[in-house]
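Asks: Attaching a predicted model along with its sequence, questions to come.
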Amino acid sequence: MGVFKERFIHVLIFLFPIAGVGVRHWFSGIFVILALMSLWDLFKRKGRPALFEPEKIWLWLCAGFFMSIVASGVVNGWGETQSKSLGVDIRYLLIVPMYFMLRQYPHAWRWLLAGLLPAAVYVAGHAYYEVVELNKFRADGVYSPNLFGPVAALIAIWLLASWGLWGRLRWLLPVLSAAALWAALMSGSRGAYMGLVAMTLVWILARFRGWSRLLLVGLLMLVAMLCYQASDRVAERVNTAVTDVQIYFERLEQGASQQTSGTAIRFEMWRAGWMVFQDNPVFGVGWGNYNKAVQPYIDAERLSKNVARHDHAHNAYVEVLMSLGLVGFMLFLGMLFYPIYHFIKTYTLSPESALFGLLHVTGIAVFSLTDASILLKGNFVAIYLLCLSVFLSWHAAAIYNRQSDASTSIS
């Protein structure tokens, strides 16, 4: 039974990154299966791994963030919206038993990275089908470009960073990474574009020194400019964002009425979030109450009416601040950025595992600047929590246990 369970978990983790952008509930389904398996393990008194302080801190922060969601909902009046979102929110609590289970399998990270090879082919093929065959302007997968783009970006950078882990197979990585990169560009997701640049910078700063670092930063800037010049999709998305934002701030300075649309509406939504937070600083207005909270400011003509056409602030940080107040916001920042502190602090003890943790959290943190999906959508929450659990448990085994099973080699 133990061998079968280990193999089944490894297969699920291998499958996890492959088809989530094209098959509904792929990410969430695998997450739920692993969560249910881990709940069964709670009844076992033997075999639980001893966690180290950084692992415990992160799990407490995840559980605390879930409790802040519940507390804010209770304070502001629990309703149908909060009940519906509980299926997503509870994942921040379920990650605790799941992490205990994954910690027992030091090979899990190898299977996750192995899954990136077919995942790159899948996202590139899916993007080709939608953009070339269906003549869509953006590759959006089965959900939206805001999931498709970030997922493709993570795959591209993870493959790039795994160069030293694949032995003879490593020569496939540039091609597969480029394929995933192309898929991310075709999504038109500006959050994915920003995440690609940020994650690549982290990779360069972590792995290179001296002139090599400077040359690669220059190369990154050159590639970014070439992508802008060579792709009408990329250029249109960037130009539209710049123009909309410029017009928005010009009208804001003039005190003109903000009939905002497009990219600039997000700045107005973020301004709305700050207004709501100032009036509800401790526990916020509760999860899912965005429209209800901004309407009084629209009625008072302090905000554009277009702000109410969306159901969240399109920024994870603003969404948490206005919905959960300072209590939830501090827990959210801790849950998101404490792992970065830990990976940086212990980087020299296990550079490979630390690098993947840094890349993952950096990507999620930057994607969250233009979208709140990490909080509201089950698929994104599953990606953040499961992948970080795999990387954190790999890192813990490498730097604390010194087990041969945690050696940094896939092949």
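Replies: That came in fine, so what should we check first? Keep in mind that what you see is a predicted model, and the values were worked out from it rather than measured. Numbering: from 1, shown residues only.
Asks: By mean pLDDT, flag the weakest helix or strand of the chain.
Replies: helix 232-254 (a mean of 75; mean pLDDT, DSSP states H and E).
Asks: Buried residues in it, which are they?
Replies: 233-234, 237-238, 241, 244, 248, 251 (16 or more other Cβ atoms under 10 Å). C-betas here are computed from N, CA, C, even on glycine.
Asks: Check stretch 202-221 too.
Replies: 202-204, 206-207, 216, 220.
Asks: which one of those residues is nearest residue 8?
Replies: residue 203 (32.3 Å; Cβ to Cβ).
Asks: how deep is the residue nearest to the closest one when sequence neighbours are not counted tucked in, by neighbour count?
Replies: Nearest-residue entry for residue 203: residue 161, 5.5 Å, with adjacent residues in sequence omitted and distances by Cβ to Cβ, 6 or more residues apart in numbering. Neighbour count of residue 161, defined by other Cβ atoms under 10 Å: 23.
Asks: Go ahead and confirm residue 161 touches residue 360.
Replies: No. Between residue 161 and residue 360 there is no contact under Cβ atoms under 8 Å: 10.1 Å.
Asks: still on that earlier bit, which strands or helices does the least confident helix or strand of the chain pack on?
Replies: helix 173-187, helix 190-207, helix 210-230, helix 264-279 (3 or more Cβ pairs under 8 Å, 6 or more residues apart in numbering; DSSP states H and E).
Asks: same thing but at 7 Å, please
Replies: With contacts defined as 3 or more Cβ pairs under 7 Å, 6 or more residues apart in numbering; DSSP states H and E, helix 232-254 has these neighbours: helix 210-230, helix 264-279.
Asks: residues in contact with the longest one?
Replies: Residues from elsewhere that reach helix 210-230, judged by Cβ atoms under 7 Å, 6 or more residues apart in numbering: 185, 197, 200-201, 204-205, 208, 234-235, 238.
Asks: The last one too?
Replies: Residues from elsewhere that reach helix 264-279, judged by Cβ under 7 Å, 6+ apart: 244-245, 247-248, 258, 260, 284-285, 293-294, 297, 303-304, 306-307, 310, 313-315, 318-319, 321-322, 370.
Asks: From residue 238, how far out is residue 385?
Replies: Separation of residue 385 from residue 238 (Cβ to Cβ, to the nearest Å) stands at 31 Å.
Asks: hmm, back to that, grab the two from the contacts of helix 210-230 that are most spread out in space.
Replies: 208 and 235, at 29.5 Å, using Cβ to Cβ across these.
Asks: got a list of what residue 231 touches?
Replies: With Cβ under 7 Å, 6+ apart, residue 231 has these contacts: residue 185.
Asks: how about the nearest residue to the residue nearest the centre of the chain, chain neighbours excluded?
Replies: Nearest to the geometric centre of the chain sits residue 364, at 3.0 Å (Cα atoms, centre = their mean). With sequence-adjacent residues excluded and distances taken as Cβ to Cβ, 6+ apart, residue 364 is closest to residue 384, at 5.1 Å.
Asks: Number of residues surrounding residue 348?
Replies: So residue 348, with other Cβ under 10 Å, has 9 neighbours.
Asks: what's the helix or strand for residue 158?
Replies: helix 145-161 (DSSP states H and E).
Asks: returning to what we had before: look at the residue nearest to residue 364 and say how many residues are nearby.
Replies: So residue 384, with other Cβ under 10 Å, has 25 neighbours.
Asks: For the helix or strand harbouring it, which outside residues touch it?
Replies: Element membership of residue 384, judged by DSSP H and E, is helix 378-396. Defining contact as Cβ under 7 Å, 6+ apart, one finds that helix 378-396 is touched by 13, 16, 20, 27-28, 31, 52, 55, 58, 87-88, 91, 95, 98-99, 102-103, 108-109, 112, 143, 147, 339, 343, 350, 353-354, 356-357, 360-361, 364, 373-374, 406.
Asks: Pull out the buried members of the residues you listed.
Replies: 13, 16, 20, 27-28, 31, 55, 58, 88, 91, 95, 98-99, 102-103, 108-109, 112, 143, 147, 339, 343, 350, 353-354, 356-357, 360-361, 364, 373-374, 406.
Asks: which parts of the helix or strand that contains residue 342 are buried?
Replies: Assessed by DSSP H and E, residue 342 sits inside helix 316-345. Buried residues in helix 316-345, defined by neighbour count with 16+ other Cβ under 10 Å: 316-332, 334-336, 338-340, 342-343.
Asks: One more: stretch 135-155?
Replies: 136, 138-155.
Asks: How about stretch 276-284?
Replies: 276-277, 280, 283-284.
Asks: Next, give me the two most distant ones among those residues.
Replies: 276 and 283 (12.1 Å).
Asks: Show me the shaky parts of the stretch 251-400 of the chain.
Replies: 252-262 (pLDDT under 70).
Asks: one more time with 50, if that's ok
Replies: Within the stretch 251-400 of the chain, no stretch has pLDDT under 50.
Asks: and whichever helix or strand residue 13 is part of, C-alpha only, in PDB?
Replies: Residue 13 is part of helix 2-15 when elements are defined by DSSP H and E. C-alpha atoms of helix 2-15 as PDB (Å, rounded to 0.1, in the frame of the first residue of the first chain):
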ATOM      1  CA  GLY A   2       2.800   2.400   0.900                       C
ATOM      2  CA  VAL A   3       4.600   1.900  -2.500                       C
ATOM      3  CA  PHE A   4       1.300   2.300  -4.400                       C
ATOM      4  CA  LYS A   5       0.500   5.500  -2.600                       C
ATOM      5  CA  GLU A   6       3.900   6.900  -3.200                       C
ATOM      6  CA  ARG A   7       3.700   6.200  -6.900                       C
ATOM      7  CA  PHE A   8       0.100   7.500  -7.100                       C
ATOM      8  CA  ILE A   9       1.200  10.800  -5.500                       C
ATOM      9  CA  HIS A  10       4.200  11.100  -7.800                       C
ATOM     10  CA  VAL A  11       1.900  10.500 -10.800                       C
ATOM     11  CA  LEU A  12      -0.500  13.200  -9.700                       C
ATOM     12  CA  ILE A  13       2.300  15.700  -9.200                       C
ATOM     13  CA  PHE A  14       3.800  14.800 -12.600                       C
ATOM     14  CA  LEU A  15       0.400  15.400 -14.200                       C
END
